[in-house]
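> any chance you could fold what I've pasted below:
(chains A and B)
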Amino acid sequence: MTLQAEMDAPTGPAASTRPVYEIARLGKIYPRNGFEALADVNLTLAEGEFASVIGASGCGKSTLLKIMAGLLPPTSGRVALGGTPVMGPRADIGMMFQQATLLPWKTTIQNIVMPIAIREGRRAAKGAYQQARALLDLVGLSHAADVYPGELSGGMAQRAAICRMLITEPEVLLLDEPFSALDELTRDFMNMELQRICTERNATAFLVTHSIPEAVILSDRIYVMQANPGRIAEIIEIDLPRPRTLDLINTKQFGDIVGHIRGKLDQEYR
Amino acid sequence: MSEYSELSPAAHRAAQQAEANEAAIDTVWVEAEPLIDRIPRWLAMLGLFLAILAIWYGSTALGLVSPIILPGPYETWRDILFVGSNLVSGDYMLEAFFTTGRTVIYAFLIALSIGFSLGVLVGETKFGERAVMPYLVAIDTMPKIAFAPLFIAWLGFGIQSKVALAAFIATFPIVVSTAAGLYAASESERALFKSMGASRIQTLVALKLPLALPYLFAGLKIAAVGVMAGAITGEFLGGGEGFGALIRVSASQMNTPRVFSLIIYLSFLGLFLYLFIVWVQRTFVFWNKADTPGGVG
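Predicted coordinates:
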């Protein structure tokens, strides 16, 4: 009941004020071929907000995510997390990839504490085991802590990757099509899991995806991108009630939003 | 039909279906497997061995080939026993066996350390890839055995010149396999390590080198063969006290059974090295299941 009360209280993204991630006038030109991947991108992630970026291949959404992760330098503009400019990879950024990329010679729990092992050394990683087990509990994978990734299914591996992303308690989660390699049923389930985890931790998340329904069901706000140069063509606020369930997909409201986004994306091909 | 008439249409259909299921005749069949695929391993190996032995025995017993060219199985077996007893009693042959064994192991360790270091240089640095690799390829295309006289001139007729030749032959497959293995890390694995703030050394040690191990071991198996060939060639050409020298002397004395039995004991040395590599690989690369064809590799 208290949870319900919290849900009803005006704590949504519109009400939350603290900006976590700020991007202003961001531009990226690849020096090798002069290709303008991003032009004048402006966006702000508020605390606890779930935002998605959607667009066709080559619209610059992967470039945007790499710049946000500090993996790629921007050509112009300002990129700041928690008020400090992002000038490289940071411990307060959590990332998830299309592939789970668990190291096959480490057990699940060893994989999960790896970000700590890399940054703070082996002893600190050992100290994080208890925290790692708590995270495994959160994603329902506690039975697989000491198993090698070769024995995990695709969905289980991605759940372990979620734990690895959360172990450093990042300020923002950057999700690069995290479930697109999974089958449809597992994917729907994992999306619901992701929603639950983000809600429980009041996480600020940024998702790159190809799937319109996935973006709509998870997001508070969707950035629709178009190519040449990569830019934000439209911002769509999704004010469907939370927690959202898969049944929502069958409602007219949901269908209207999906249809609207599809229309926007189709413009490019006309 | 009429007995179901009082049932609803759906129940009627279900009852009919149940009746049909009951009356259906089994169509169970067994997939035929050809006889040659059904022979168990032990029988296949034994059968092939006996067949070769029979052909061998037949061709020598009928006098089709001169015993100087191909001695019969019995003469060969007797000589194998003789060389075996000489080896066991610790006579000069054991000395020769140890000499060759030492050559092989030293050469292998030298090839491993030089090959691995050069492989990391080539696979990890742009300098290595751009400047070192072309020269390595150029040297690799040379017939390396032709260097044997040079090594003998430089290092003398002792074990050193043989070790040098064997290591020289075995280094290149290790360089190439190490370098290739360092490219095995995928785009997202590299991005993951970058996003975790891993240094270049950390990425190399914790990601790239472990992923390179299956490639490295494939190279080591080729190197094990190369090191044997190099050691024996060196002993043929440079004399000394190894098994290669014994083989050459026996051959020049037309003692063909001895040549055969020496080769067989020599193959044990190669086999030992190979199996040792497989054992180390199984221990360290337990997570890679794609590299064991027929349970041999």
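
> use CA for all of it now, contacts and neighbours both
OK.

> near chain B, which residues of chain A?
Residues of chain A found near chain B (Cα under 8 Å from any Cα of the partner chain) are A:69-71, A:89-91, A:95, A:97-99, A:101, A:103-105, A:115, A:118-119, A:150.

> pLDDT weak spots in the chain?
Let's take chain A. Along chain A, the parts satisfying pLDDT under 70 run over A:1-16, A:269-270.

> try again with chain B
Using pLDDT under 70, the flagged stretches of chain B are B:1-5, B:289-297.

> ranges for the helices of it?
B:9-23, B:35-38, B:41-61, B:73-88, B:92-124, B:126-127, B:133-140, B:148-155, B:159-182, B:187-195, B:200-203, B:209-238, B:243-252, B:256-284 (DSSP state H).

> which residue does the stretch 51-200 of chain A bring closest to chain B?
In the stretch 51-200 of chain A, the residue found nearest to chain B is residue A:89; the distance is 5.0 Å by Cα to the nearest Cα.

> check contacts around residue B:180.
Applying Cα atoms under 8 Å, 6 or more residues apart in numbering or on different chains to residue B:180 gives the contacts B:123, B:212, B:215.

> from chain A, how far out is the last one?
The one in question is residue B:215. When Cα to the nearest Cα, to the nearest Å is the yardstick, residue B:215 and chain A sit 15 Å from each other.

> hang on, that residue packs against residue B:183?
No - with contact defined as Cα atoms under 8 Å, residue B:215 does not count as touching residue B:183 (10.2 Å).

> for the two, indicate the residue with more neighbours.
residue B:215 (21 against 14; other Cα atoms under 10 Å in any protein chain shown).

> check which helix or strand residue A:37 maps to.
In this structure, residue A:37 is located in strand A:36-46 according to DSSP states H and E.

> who's in contact with that strand?
For strand A:36-46, contacts defined as Cα under 8 Å, 6+ apart pick out A:13, A:16-30, A:51, A:59-60, A:63-64, A:77, A:204, A:227-232.

> before we move on, the earlier item: just the helices of chain B: most buried one?
Ranked by mean neighbour count under mean count of other Cα atoms under 10 Å in any protein chain shown, the helices of chain B are led by helix B:159-182, which reaches a mean of 26.

> how big is the angle separating that helix from helix B:148-155?
Here helix B:159-182 runs at 120 degrees with respect to helix B:148-155, directions being taken by axes from the mean of the first three to the mean of the last three Cα atoms, to 10 degrees.

> which residues touch residue B:287?
Contacts of residue B:287 by Cα under 8 Å, 6+ apart are A:104, A:105, A:150.

> revised request: answer the last question for residue B:172.
Listed by Cα under 8 Å, 6+ apart, the contact partners of residue B:172 are B:115, B:136, B:140.

> go through those residues and say which is closest to residue B:171.
Set against residue B:171, the nearest of those by Cα to Cα is residue B:115 (4.8 Å).

> circling back: same list (the helices of chain B) but as JSON lines, adding distance to residue A:177.
As requested, the helices of chain B are exported to JSON lines (distance: least, Cα to Cα, whole Å):
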{"stretch": "helix B:9-23", "distance to residue A:177": "47"}
{"stretch": "helix B:35-38", "distance to residue A:177": "46"}
{"stretch": "helix B:41-61", "distance to residue A:177": "48"}
{"stretch": "helix B:73-88", "distance to residue A:177": "65"}
{"stretch": "helix B:92-124", "distance to residue A:177": "29"}
{"stretch": "helix B:126-127", "distance to residue A:177": "31"}
{"stretch": "helix B:133-140", "distance to residue A:177": "38"}
{"stretch": "helix B:148-155", "distance to residue A:177": "58"}
{"stretch": "helix B:159-182", "distance to residue A:177": "26"}
{"stretch": "helix B:187-195", "distance to residue A:177": "12"}
{"stretch": "helix B:200-203", "distance to residue A:177": "24"}
{"stretch": "helix B:209-238", "distance to residue A:177": "24"}
{"stretch": "helix B:243-252", "distance to residue A:177": "61"}
{"stretch": "helix B:256-284", "distance to residue A:177": "33"}
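
> residues near residue A:26, how many?
Neighbour count of residue A:26, defined by other Cα under 10 Å: 20.

> same question for residue A:151.
Based on other Cα under 10 Å, the number of other residues close to residue A:151 is 12.

> how is the chain divided into domains?
Picking chain A for this. Using automatic domain parsing, the domain parsing of chain A gives A:2-92+A:170-269, A:100-169.

> sorry, I should have been clearer: chain B.
Taking automatic domain parsing as the reference, chain B has its domains at B:40-70, B:73-289.

> out of those domains, nearest to residue A:221?
Using Cα to Cα and comparing the domains of chain B, the one that lies nearest residue A:221 is domain B:73-289, at 25.2 Å.

> next one: the closest one to chain centre, how far?
When distances are taken as Cα atoms, centre = their mean, to the nearest Å, domain B:73-289 is centred 11 Å away from the chain's centroid.

> that older thread, could you point out which of the helices of chain B sits nearest residue A:217?
Of all the helices of chain B, it is helix B:187-195 that lies closest to residue A:217, at 26.1 Å by Cα to Cα.

> since we're on residue A:235, how many residues are nearby?
Neighbour count of residue A:235, defined by other Cα under 10 Å: 14.

> what about it, which SS state?
Assigned by DSSP: H, G, I helix; E, B strand; the rest coil, the conformation of residue A:235 is strand.

> beta partners for it?
Beta-bridge partners of residue A:235, counted by DSSP bridges, are residue A:223.

> give me the distance between it and chain B.
In this structure, residue A:235 and chain B are 28 Å apart, going by Cα to the nearest Cα.
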